[in-house]
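**Q** Need a 3D model of the sequence below.
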Amino acid sequence: MILGLALIAVACTGAAPRSDQSGAITADGRAIDGDTVSIDIRLFGADAFEKRQMCRMTSGCWPCGKAAQDYASKLLKANPATIRLTGKQSYGRPIGTVDVGGQDLGEAMIASGLAVPATNYLKGDPARAGRYVAAFETAQRRQVGAHAGYFIDPAKWRRGERLSCEKRD
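**A** Modelled structure (predicted):
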């Protein structure tokens, strides 16, 4: 949904996402209304907390996944988005970078403590990998977002690992 909003923003600015010469991409879509559609795109090199994921602080658990969604949504609503597809897919969705108002959305999510770098996917983009790792280390040092306490890596969470305060799916 978050990146679907980005595509709507791109559509409103007249820019079209591309993954091949014809301009066609394949993605799951849904209707916002009769003449507006949204598609899902996964961020390249950034892995945000899942919508239902919880993180723990000394005061208890909090919905860090919902916070990640809200943060991305706020950025996307405030500025125009530019999406560049990588030509790869993950979980059946196209992968791309999203710049929002000139800021890398993945890097912003990591810097806010609401995502972690997925550097194993960034081997071909060492500059981005370096920025993402630096953003992660700064978020850790500042103890922002999930770094204010404890969290399960989003990839492990998707495989079923949970904090004691979370319900099992």
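**Q** what does stretch 127-147 rub up against?
**A** Counting by CB atoms under 8 Å, 6 or more residues apart in numbering, the neighbours of stretch 127-147 from elsewhere in the structure are 44-46, 49, 55, 64, 67, 97, 104, 106-107, 110-114, 116-117, 119, 122-123. Using the backbone N, CA and C atoms, a C-beta is placed for each residue, glycine as well.
**Q** avg pLDDT for stretch 35-52?
**A** With pLDDT averaged residue by residue, stretch 35-52 scores 92.
**Q** err, stretch 69-89, not the other one
**A** 91.
**Q** okay, now A148: neighbour count?
**A** 18 (other CB atoms under 10 Å).
**Q** For PyMOL, what selects the buried ones among the contacts of stretch 127-147?
**A** In PyMOL, the members of the contacts of stretch 127-147 classed as buried (16 or more other CB atoms under 10 Å) are selected with the following command:
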select buried, resi 44+45+46+49+55+64+67+97+104+106+107+110+111+112+113+114+116+117+119+122
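**Q** From the contacts of stretch 127-147, which land in helices?
**A** When DSSP state H defines the helices, the subset of the contacts of stretch 127-147 inside them is 64, 67, 106-107, 110-111.
**Q** Looking at those, which is nearest A81?
**A** G106 (12.4 Å; CB to CB).
**Q** if I pick the closest one, what's in contact with it?
**A** Neighbouring residues of G106 by CB under 8 Å, 6+ apart: 43-46, 97-98, 115, 128, 132.
**Q** which ones are touching the closest residue in space to it that isn't next to it in sequence?
**A** In space, and not counting its chain neighbours, G106 is closest to A46: 3.2 Å by CB to CB, 6 or more residues apart in numbering. With contacts defined as CB under 8 Å, 6+ apart, A46 is in contact with 105-107, 109-110, 115-118, 132.
**Q** now P117
**A** 45-47, 110, 129, 132-133, 135-136.
**Q** Go through these and flag which are in strands.
**A** Counting by DSSP state E, the contacts of P117 place 46-47 in strands.
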